[in-house]
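Q: sequence below, structure please.
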Amino acid sequence: MADTEYHTMTHEELRVMRRRLADDLEDFEEMAAFHSINSPAHATSTERQAQNAKTQRMTDAIAEIDRLLGADTD
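A: The predicted structure follows:
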């Protein structure tokens with residue numbers, strides 16, 4: 001989601017989006033950990049890089065929402 005889209009959301013929409021992203025991130029990290037434990041030989045460097053990139057995008061989105069919510073309450 002682009003930064004400009006976050007700016008058009010209400011506080012409640014931002015809170016809901018943040019909660020969903022946090023839940024999705026937790027699920028994704030658990031799935032990635034399970035996959036790497038059960039199939040370590042199958043996890044390629046490219047797959048790990050893709051997982052890391054997705055995790056970073058989700059973390060960045062959560063941080064941006066936190067920043068917007070914090071900026072609006074100052």
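Q: so how far is residue 65 from the most centrally placed residue in the chain?
A: The chain has residue 58 as the residue nearest its centroid, 1.9 Å off, counting by CA atoms, centre = their mean. For residue 58, the distance to residue 65 equals 11 Å [CB to CB, to the nearest Å]. The way it works is simple: take the backbone N, C-alpha and C, and place the C-beta from them, glycine included.
Q: also residue 13?
A: Computed as CB to CB, the residue 13 to residue 65 distance reads 10 Å.
Q: neighbour-wise, which of the two wins?
A: residue 65 (21 against 12; other CB atoms under 10 Å).
Q: can you map out the helices along this structure?
A: 3-7, 11-38, 45-73 (DSSP state H).
Q: the longest one to helix 11-38, inter-axis angle?
A: Relative orientation of helix 45-73 versus helix 11-38 (axes from the mean of the first three to the mean of the last three CA atoms, to 10 degrees): 160 degrees.
Q: what is helix 45-73 packed up against?
A: helix 3-7, helix 11-38 (3 or more CB pairs under 8 Å, 6 or more residues apart in numbering; DSSP states H and E).
Q: pLDDT on that helix, on average?
A: Across helix 45-73, the average pLDDT comes to 87.
Q: show me what counts as buried in that helix.
A: Neighbour counts using 16 or more other CB atoms under 10 Å place 51, 58, 61-62, 64-65, 68 of helix 45-73 among the buried residues.
Q: what's the distance between residue 35 and residue 63?
A: Here residue 35 is placed at a distance of 25 Å from residue 63 (CB to CB).
Q: ok, now residue 33?
A: Per CB to CB, residue 33 is found 22 Å from residue 63.
Q: ditto for residue 5
A: Distance, residue 5 to residue 63, by CB to CB: 15 Å.
Q: ok, residues contacting stretch 47-63?
A: Contacts to stretch 47-63, defined as CB atoms under 8 Å, 6 or more residues apart in numbering, come from residues 1, 18, 21-22, 24-25, 28-29, 32, 36.
Q: burial of the residue nearest to residue 68 when sequence neighbours are not counted, as a residue count?
A: Closest residue in space to residue 68, ignoring its immediate chain neighbours: residue 6 at 5.7 Å, by CB to CB, 6 or more residues apart in numbering. When neighbours are defined as other CB under 10 Å, residue 6 has 18 of them.
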